[in-house]
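Asks: sequence first, predicted model second:
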Amino acid sequence: MPLLPDVEIMTIGDELLYGQVIDTNSAFMGQELAKIGLRVRQISSVSDRASEIITALDLARQRAQVVLITGGLGPTKDDLTKHVLAGYFKTELVMHEPTLRHVEGIFARFNRPMLDVNRQQALVPANCEVVFNAVGTAPGMWFDDQGTVFVSMPGVPFEMKRMMTDIVLPKLQAHFQTPAIEHVVVQTAGIGESFLAELIEDWESALPANVKLAYLPSLGNVRLRLTGTDDGHPDLRGRMEALLPALRARIGEYIFAEEDIPLEAAVGRLLAARNLTIGTAESCTGGFLAHKLTSVPGSSQYFMGSVVAYSNDIKIKQLGVNPETLAAHGAVSEATVREMAEGLRHNLGVDVALATSGIAGPDGGTPDKPVGTICIAYADQHQTVSRQFTFNRGRQINVEYTTTTILNLLRVSLPPLA
């Protein structure tokens with residue numbers, strides 16, 4: 001098996017260093033490179049200054065055999081990347097006619113005048129291999145210099161992603177003859193990473209040498225990723241999938257999917273399969289739960305509507321919460337969310353209703369109900385289920401944790417398929 005290269009990612013732009021733009025490009029590239037068996041060893045962000053870009057290039061080639069660069073390919077004066085690369089690789093910029101025709105076509109299609117700065121997008125270093133940009137005007141550039149591959153791509157995420165997927169990743173696979181890699185994903189909710197690791201410790205210890213397990217936790221769920229590397233035996237994926245029954249036997253109650261889909265998509269499938277409709281009554285989540293459910297394509301099949309009942313008055317008038325319940329237990333209580341869910345189910349005529357109420361923070365807590373106290377409820381025609389938690393992790397994270405937790409309550413509370 002050939003020795004696999006080390007990869008470095010370099011993102012260029014002052015906006016990244018100032019925190020004005022979040023670097024999502026590196027995360028995407030790291031994930032996609034891992035799928036073909038290449039590991040990122042270093043990620044660096046560099047300013048728009050030419051001298052600093054050159055220094056970063058010198059350092060990167062000492063550490064890695066593949067350097068992936070994003071940013072600085074736009075039409076403005078601070079977009080210096082290709083000028084710096086032309087100097088770095090001791091060449092000049094030349095007009096790339098196929099790219100020029102592509103750029104002209106884009107401007108003609110939108111009936112916009114093409115300026116000289118737009119024409120200059122088609123200038124590339126003479127000794128690069130041009131990487132076609134199917135969805136933008138700035139081409140990518142591939143250099144193979146003294147044993148190191150440099151690939152420069154646009155910083156615009158959807159342009160970079162298209163270029164990586166269609167051209168760069170297949171070309172890297174062919175160039176370095178990367179081994180066959182298979183990934184199997186198992187997604188869990190309702191259990192923390194450490195508890196999960198304890199439950200499957202013996203299973204993990206018995207994995208074949210060519211199969212590695214990664215724990216990838218996020219808010220309220222843990223994604224397990226098995227990565228298998230070709231060991232010369234046939235049907236790598238089949239052999240990996242044969243490992244799953246023993247895993248299901250240990251943690252089956254926590255598994256919501258065996259593919260890369262979010263929890264809201266998984267519960268959407270459960271609702272659709274049962275031909276059930278759903279609505280949400282939200283206080284502390286402020287519509288975020290409804291947003292998650294409706295972010296799934298096809299959710300109109302089962303999602304009917306939502307009431308954001310922030311005030312007690314709306315809880316009473318729109319959801320039918322008993323004022324005596326609020327007086328006795330408060331808005332943040334299991335008694336209140338149970339009535340919210342039951343009232344919404346009746347008023348909207350849905351099969352299933354979810355309700356949330358809590359103290360998201362940073363203010364509003366009391367000794368009895370500190371910031372992060374959250375109450376949730378699930379109601380259908382047969383049962384109403386409620387839970388109380390404390391998620392003291394900051395306002396937005398409290399909202400997201402609440403949403404994930406109630407989606408998992410929905411998952412485990414739905415009736416079985418008839």
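Replies: Nice, I can see it. In this text the structure is predicted, and so the values were computed from the model without any measurement. Numbering: from 1, shown residues only.

Asks: which helices and strands does the strand or helix carrying residue 335 pack with?
Replies: Here residue 335 is covered by helix 334-348, with elements defined by DSSP states H and E. Using 3 or more Cβ pairs under 8 Å, 6 or more residues apart in numbering; DSSP states H and E as the contact criterion, the elements in contact with helix 334-348 are strand 278-282, strand 303-308, helix 312-319, helix 323-329, strand 352-358, strand 373-379, strand 384-390. Glycine gets a C-beta too; all of them are placed from N, C-alpha and C.

Asks: buried ones in it?
Replies: Judged by neighbour count using 16 or more other Cβ atoms under 10 Å, the buried positions of helix 334-348 are 334-345, 347-348.

Asks: before we move on, what about stretch 23-30?
Replies: If you call a residue buried by 16+ other Cβ under 10 Å, then stretch 23-30 has these buried ones: 23, 25-26, 28-30.

Asks: closest to residue 124 among these?
Replies: residue 25 (20.6 Å; Cβ to Cβ).

Asks: what residues does residue 390 make contact with?
Replies: The neighbours of residue 390, taking Cβ atoms under 8 Å, 6 or more residues apart in numbering as the test, are 370, 372-374.

Asks: name the nearest residue to residue 260, ignoring sequence neighbours.
Replies: residue 185 (5.4 Å; Cβ to Cβ, 6 or more residues apart in numbering).

Asks: mind giving me the packing neighbours of the top helix by length along the chain?
Replies: Within the chain, and with DSSP state H defining each element, the longest helix by residue count is helix 395-413. Packing contacts for helix 395-413, counted by 3+ Cβ pairs under 8 Å, 6+ apart, involve strand 181-189, helix 263-274, helix 288-294, strand 352-358, strand 373-379, strand 384-390.

Asks: wait, which of the ones you listed is closest to residue 94?
Replies: Proximity of the helices and strands packed on helix 395-413 to residue 94 was assessed by Cβ to Cβ; the nearest stretch is strand 181-189, lying at 37.6 Å.

Asks: the closest one pairs with which strands?
Replies: On the basis of DSSP bridges, the sheet neighbours of strand 181-189 come out as strand 221-229 (antiparallel), strand 255-257 (antiparallel).

Asks: got the buried residues for that strand?
Replies: Under the neighbour-count criterion of 16+ other Cβ under 10 Å, strand 181-189 has 181-182, 184, 186-189 buried.

Asks: in the residues you listed, find the pair that's most separated.
Replies: When Cβ to Cβ is used, the two most widely separated members of those are 181 and 189, lying 26.5 Å apart.

Asks: and residue 44, what does it touch?
Replies: Neighbouring residues of residue 44 by Cβ under 8 Å, 6+ apart: 8-11, 56, 59-60.

Asks: distance of it relative to residue 59?
Replies: Distance of residue 44 to residue 59, computed by Cβ to Cβ, to the nearest Å: 8 Å.

Asks: can you check residue 4 too?
Replies: In this view, residue 4 and residue 59 are 21 Å apart by Cβ to Cβ.

Asks: before we move on, the earlier item: rank the strands paired with strand 181-189 by mean pLDDT and give me the bottom one.
Replies: Taking each of those in turn, the one with the lowest mean pLDDT is strand 221-229, at a mean of 94.
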